[in-house]
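*Asks:* Fold the following.
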Amino acid sequence: MGTGVLEIFNELREKNIMTLKAAKEQDVKVVGIYCTYGPRELVLAAGAIPVGLCGTRQEPIAAAEVHLPRNLCPLIKSSYGFAVSDTCPYFHFSDMVIGETTCDGKKKMFELMKRLKPVHIMHLPQVPDQSASLEIWYQEMIRLKQVLEEAFAVEITDEALREAIHVVNEGNRALKDLFDLNQACPPLISGIDMIKVSWQLGFHTDRWARVTMLDQLVAELRESGGTQYDINRPRILLTGTPVGMGSEKVVELVEECGGLVVAMENCGGYKTVGLRIDENDLRDPLLLLAEKYLAIPCSVMSPNTKRLELLRKMAADFKVDGVIDLTWQACHTYNIESYQVAELIKDELNIPFIQLETDYSSSDQEILKNRLQAFLEMLD
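*Replies:* Residues are numbered from 1 along each chain as shown. Here you go, the predicted structure:
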């Protein structure tokens, strides 16, 4: 990675496993979360540790396909494969898992996962900006609060919720500060390093330590001035399905071929870091959580105009030369929505655009490389 603070992130996942094991020995409860719609604040307010769960690698997919169809999204198969083979330590240490009905594949997969671990499903309304949807999602927050209180024999107070809101706000602020460094020219951090940081942070057990680490990293990168990157490298915005270590091949290929991924709109990237709760708002904190999480511009929302608004702003702020829309095979919502994204990027913004549909395997590596080389050459 090249800088002192960045190097720390390489070892973060392994250190967090040991921290999590020690916490479990002290009877601290752990809640596994797969999706950005899972409200971390409620878990923190219950005195438990929210952790991201594994789902970005090819290796466990074979175990998943014993129960799941082959023509299913690799993210779903990888998540289930890690669980059923007990090869994700974070799933292993979780006392319960929060799932959500973002897509049909995940919804049905969670039915099988319940055989392995207690899974609480949040029923996500998928029509944003409607009072009925907000009421449904608010009731889901109430229901999750009750489930956590009963499962862990605790009372979740409004004071604890507001403290949790504050620390999650600060975490999003710090991560956005990191991503915003690449509005500079030359950019200050590569796409691969951005993925490493955001992915490793998902496993971090100490929320305030996350904030401190990010602030230190931002300060160090600002001091470096981004001098390691050629100002003439094409600036790429990545949008689409979630990416993590193990499923980063497109970002890796872009940067091998001479481009630089300066911004990522997808989950784990810019999609949620701007969603912060007004801490001076005195309304029911559960309602504040419902409003925040319902505003996530995921492709499962219909219509999903907020994603287009975010992409329009990011394309300008990060001064991008091209946009890559990444879709995992069998992810129908992102695949269909790519048509509207292409209209925005190509027709309205007049920026070169390419959609790539792939999976976690390396079988199409050379095909992807050839397509990306041609795309980047066009930008030059």
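*Asks:* Going by C-alpha atoms from here, please, whenever you check contacts or count neighbours.
*Replies:* OK.
*Asks:* all strands of the stretch 201-350 of the chain, in order?
*Replies:* Assigned by DSSP state E, counting those that start in this stretch, the strands in the stretch 201-350 of the chain fall at 235-240, 260-264, 322-328.
*Asks:* Quickly compare those strands and say which is most buried.
*Replies:* Highest mean neighbour count among the strands of the stretch 201-350 of the chain (mean count of other CA atoms under 10 Å): strand 260-264, with a mean of 28.
*Asks:* what angle do it and strand 322-328 make?
*Replies:* Orientation of strand 260-264 against strand 322-328 (axes from the mean of the first three to the mean of the last three CA atoms, to 10 degrees) gives an angle of 70 degrees.
*Asks:* could you say what helices and strands strand 260-264 packs with?
*Replies:* Here strand 260-264 touches helix 191-201, strand 235-240, helix 249-256, going by 3 or more CA pairs under 8 Å, 6 or more residues apart in numbering; DSSP states H and E.
*Asks:* Just say which of the ones you listed is most tucked in.
*Replies:* By mean count of other CA under 10 Å, the helices and strands packed on strand 260-264 have strand 235-240 as the most buried, with a mean of 25.
*Asks:* Tell me the strands beside that one, with direction?
*Replies:* Strand pairing for strand 235-240, using DSSP bridges, gives strand 260-264 (parallel), strand 322-328 (parallel).
*Asks:* angle of it against helix 249-256?
*Replies:* Using the same axes, to 10 degrees: strand 235-240 against helix 249-256 is 170 degrees.
*Asks:* just to revisit the earlier point, reformat the strands of the stretch 201-350 of the chain as JSON lines; add distance to P128.
*Replies:* As requested, the strands of the stretch 201-350 of the chain are exported to JSON lines (distance: least, CA to CA, whole Å):
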{"stretch": "strand 235-240", "distance to P128": "19"}
{"stretch": "strand 260-264", "distance to P128": "23"}
{"stretch": "strand 322-328", "distance to P128": "22"}
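*Asks:* Out of these, which is closest to G99?
*Replies:* Closest to G99 of the strands of the stretch 201-350 of the chain is strand 322-328 (CA to CA; 19.7 Å).
*Asks:* on that earlier part again, same list (the helices and strands packed on strand 260-264) but as TSV, adding distance to N172.
*Replies:* Shown next, in TSV, are the helices and strands packed on strand 260-264 (distance: least, CA to CA, whole Å):
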stretch	distance to N172
helix 191-201	11
strand 235-240	19
helix 249-256	23
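*Asks:* Which of these has the lowest mean pLDDT?
*Replies:* Ranked by mean pLDDT, those bottom out at helix 191-201, with a mean of 93.
*Asks:* from the middle of its chain, how far away would it be?
*Replies:* Distance, stretch centre to chain centre, for helix 191-201: 10 Å (CA atoms, centre = their mean, to the nearest Å).
*Asks:* nearest to I76, of the strands of the stretch 201-350 of the chain?
*Replies:* strand 322-328 (10.4 Å).
*Asks:* give me every residue that touches G171.
*Replies:* Residues counted as contacts of G171 (CA atoms under 8 Å, 6 or more residues apart in numbering) are R207, W208, R210, V211.
*Asks:* Please list the residues outside stretch 354-364 that contact it.
*Replies:* With CA under 8 Å, 6+ apart, stretch 354-364 has contacts from 56-58, 73-74, 246-247, 323-329, 338, 368, 375.
*Asks:* switch to 10 Å and redo it
*Replies:* If you take CA atoms under 10 Å, 6 or more residues apart in numbering as the criterion, stretch 354-364 is touched by 56-59, 61, 72-75, 78, 239-240, 243, 246-250, 322-331, 335, 338-339, 341-342, 345-346, 365, 368, 371-372, 375.
*Asks:* which of the residues in that stretch are buried?
*Replies:* I354, Q355, L356, T358, D359, Y360 (16 or more other CA atoms under 10 Å).
*Asks:* First-to-last residue distance for it?
*Replies:* Its start and end residues considered, stretch 354-364 measures 16 Å (CA to CA, to the nearest Å).
*Asks:* residues in contact with the residue nearest to the spatial centre of the chain?
*Replies:* Centroid check for the chain by CA atoms, centre = their mean gives G268 as the closest residue, at 2.6 Å. G268 is in contact with 35-36, 175, 194-195, 197-199, 201-202, 241-244, counting by CA under 10 Å, 6+ apart.
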